[in-house]
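Participant: Structure, please.
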Amino acid sequence: MSQYLLLNRLQVQNANCISGFTWGFPAITHFLGFMHNIQRKLGKSTGLAFEGCAVVCHEFHTHTHQPLPGRDIEFVQSKNPPYIKKHKKDETPPIIEEGRMNMTVSLVIKLENMWMGTNEDKVALEQRIYKLCQFGRLAGGTVLHIDKVGLLGARSDEEEATLLKQLKRRLVPGYVLMDRSHYLEAHYQNLKKQQPNAELLDAWLDFSALKYQAVLKVEDSQNSPTEKDDANWVMCEKPVPTGWLVPMMVGYRAISPVYEAGEVKHARDETIPACFVESVHSIGEWLSCHRIRDIDSMIWRYATKDAWYLCQQQSKSSESDLDELSSENLAFEELFAI
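Facilitator: Alright, predicted model coming up:
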């Protein structure tokens, strides 16, 4: 038995698209934080507890521009910081650099416990969550519109399969953010065999950086290249050439002990303990919704241990599963068979 809360197509404006070393989409911690905020505002009276959520992106637009062809892409900035007394009114206000984006996403939240109630109670709960989403902020952005909030459930394996088809039908076209940290681990082990001094950061940069290699133009009559030979610059393939792989931020790691409340000056909340952390990065993949075979496989959950605070997916696809997905003929008609 399982239940899910579908927040279908949230239109978010001015969301933060910078996450750690990367930019382009908010960190997964923003979405789990949004889910946790809804649970806190609902209170204990409803008896709802959220286990995790899946992130589906339908559309996105970053506030960027390219000054000239071939130049780096830059964020669109505005001069509207908060006014401070030391600022003179006749001076040009400074620019606080920030990266913003507009996006349309759907969240599939898994309930930790089964919720029981009448149809009237269900409609009232969905309307209450609908209002809470409109007043909340997702990745620092404003929620402008939500298509629908629905509470879905399945009591058997047959109903679970039917529910999966229903979710696919409601979420297409869209892409699910999946955890591919095992790609990074496997590439790191292979890289250490070739370069014993290689670090995990080198393996991560092979996925995230755009690298080019010079390929010399050698004629058939030549035995070896010379300094006068021309070369073509060819983009190097990723360690895993298939899939829409992206670098992503998946949590934090503590770099200091936990300080007592009020011990750290100028903290955001001086009534609770504080700890200094650094961002943790990994590899993810945008997978089309019609390729999902299990709802639980796309749910992100909190995972805490010692100094680590991470967001992970419990089930991960193996190499054979991905090869099978890339080679099979997927019929879109199956999505609309119910």
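Participant: Quick one: residues contacting Val176.
Facilitator: Counting by C-beta atoms under 8 Å, 6 or more residues apart in numbering, Val176 makes contact with 54-56, 286-289, 292, 298. C-betas here are computed from N, CA, C, even on glycine.
Participant: Name the member of those residues with the most neighbours.
Facilitator: Of all the contacts of Val176, Val56 has the most neighbours under the rule other C-beta atoms under 10 Å, reaching 28 neighbours.
Participant: Am I right that that one is in contact with Met178?
Facilitator: No: using C-beta atoms under 8 Å, Val56 is not in contact with Met178, being 10.8 Å away.
Participant: Where does the prediction get shaky in the stretch 201-338 of the chain?
Facilitator: The model of the stretch 201-338 of the chain has pLDDT under 70 over residues 219-226, 315-338.
Participant: can you map out the helices along it?
Facilitator: In the stretch 201-338 of the chain, the helices defined using DSSP state H, counting those that start in this stretch lie at 319-327.
Participant: Can you give the strand pairings for the helix or strand containing Asn102, parallel or anti for each?
Facilitator: Element membership for Asn102 (DSSP states H and E) is strand 100-111. As defined by DSSP bridges, the strand partners of strand 100-111 come to strand 2-16 (antiparallel), strand 50-62 (antiparallel).
Participant: now the helices for the stretch 51-200 of the chain?
Facilitator: Counting by DSSP H, counting those that start in this stretch, the stretch 51-200 of the chain has helices at residues 119-135, 157-171, 181-194, 200-208.
Participant: can you put these in JSON lines and add distance to Asp72 and mean neighbour count?
Facilitator: Output for the helices of the stretch 51-200 of the chain, formatted as JSON lines (distance: least, C-beta to C-beta, whole Å; neighbours: other C-beta atoms under 10 Å):
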{"stretch": "helix 119-135", "distance to Asp72": "36", "mean neighbour count": "14"}
{"stretch": "helix 157-171", "distance to Asp72": "34", "mean neighbour count": "16"}
{"stretch": "helix 181-194", "distance to Asp72": "26", "mean neighbour count": "15"}
{"stretch": "helix 200-208", "distance to Asp72": "16", "mean neighbour count": "16"}
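Participant: So which of those is nearest Val218?
Facilitator: Proximity to Val218, assessed across the helices of the stretch 51-200 of the chain by C-beta to C-beta, is greatest for helix 181-194 (24.8 Å).
Participant: what's that closest one in contact with?
Facilitator: Helix 181-194 has contacts (C-beta under 8 Å, 6+ apart) with 198, 200, 202-204, 206-207, 239-240, 245, 250, 282-283, 312, 316.
Participant: Check stretch 11-20 too.
Facilitator: The contact list for stretch 11-20 (C-beta under 8 Å, 6+ apart) reads 23-27, 30, 62-63, 98-105, 138-146, 248-249, 279, 281.
Participant: Repeat the analysis, applying 6 Å as the threshold.
Facilitator: 23-24, 26-27, 62, 99-104, 138-145, 249, 279, 281 (C-beta atoms under 6 Å, 6 or more residues apart in numbering).
Participant: gap between that stretch and the chain center?
Facilitator: Relative to its chain's centre, stretch 11-20 lies at 11 Å (C-alpha atoms, centre = their mean, to the nearest Å).
Participant: Let's verify Ser45: helix, strand, or coil?
Facilitator: For Ser45, the secondary structure call by DSSP: H, G, I helix; E, B strand; the rest coil comes out as coil.
Participant: From Val149, how far out is it?
Facilitator: 18 Å (C-beta to C-beta, to the nearest Å).
Participant: next one: Ile255
Facilitator: Using C-beta to C-beta, we find Ile255 at a distance of 39 Å from Val149.
Participant: related to what we said a few turns ago, okay, Ser45 and Val149: which has more neighbours?
Facilitator: In this view Ser45 and Val149 are compared by other C-beta under 10 Å, and Val149 has more residues nearby, 20 against 6.
Participant: what pairs with that one across the strands?
Facilitator: Val149 has the following beta-bridge partners by DSSP bridges: Leu7.
Participant: does it really touch Tyr130, like I thought?
Facilitator: Yes: in this structure, Val149 is within contact of Tyr130 by C-beta atoms under 6 Å, at 4.6 Å.
Participant: thought Leu287 was touching Met178?
Facilitator: Yes: judged on C-beta under 6 Å, Leu287 makes contact with Met178 at a distance of 5.0 Å.
Participant: Can you give me the distance of Val215 to Gly70?
Facilitator: According to C-beta to C-beta, Val215 and Gly70 sit 21 Å apart.
Participant: More neighbours: the two, which one.
Facilitator: When Val215 and Gly70 are compared for neighbours, Val215 comes out ahead with 10 against 6, by other C-beta under 10 Å.
Participant: re the thing from before, just checking the distance from the strand holding Asn102 to the centre of its chain.
Facilitator: Relative to its chain's centre, strand 100-111 lies at 9 Å (C-alpha atoms, centre = their mean).
Participant: cool, and stretch 133-149?
Facilitator: Distance of stretch 133-149 from its chain centroid, counting by C-alpha atoms, centre = their mean, is 17 Å.
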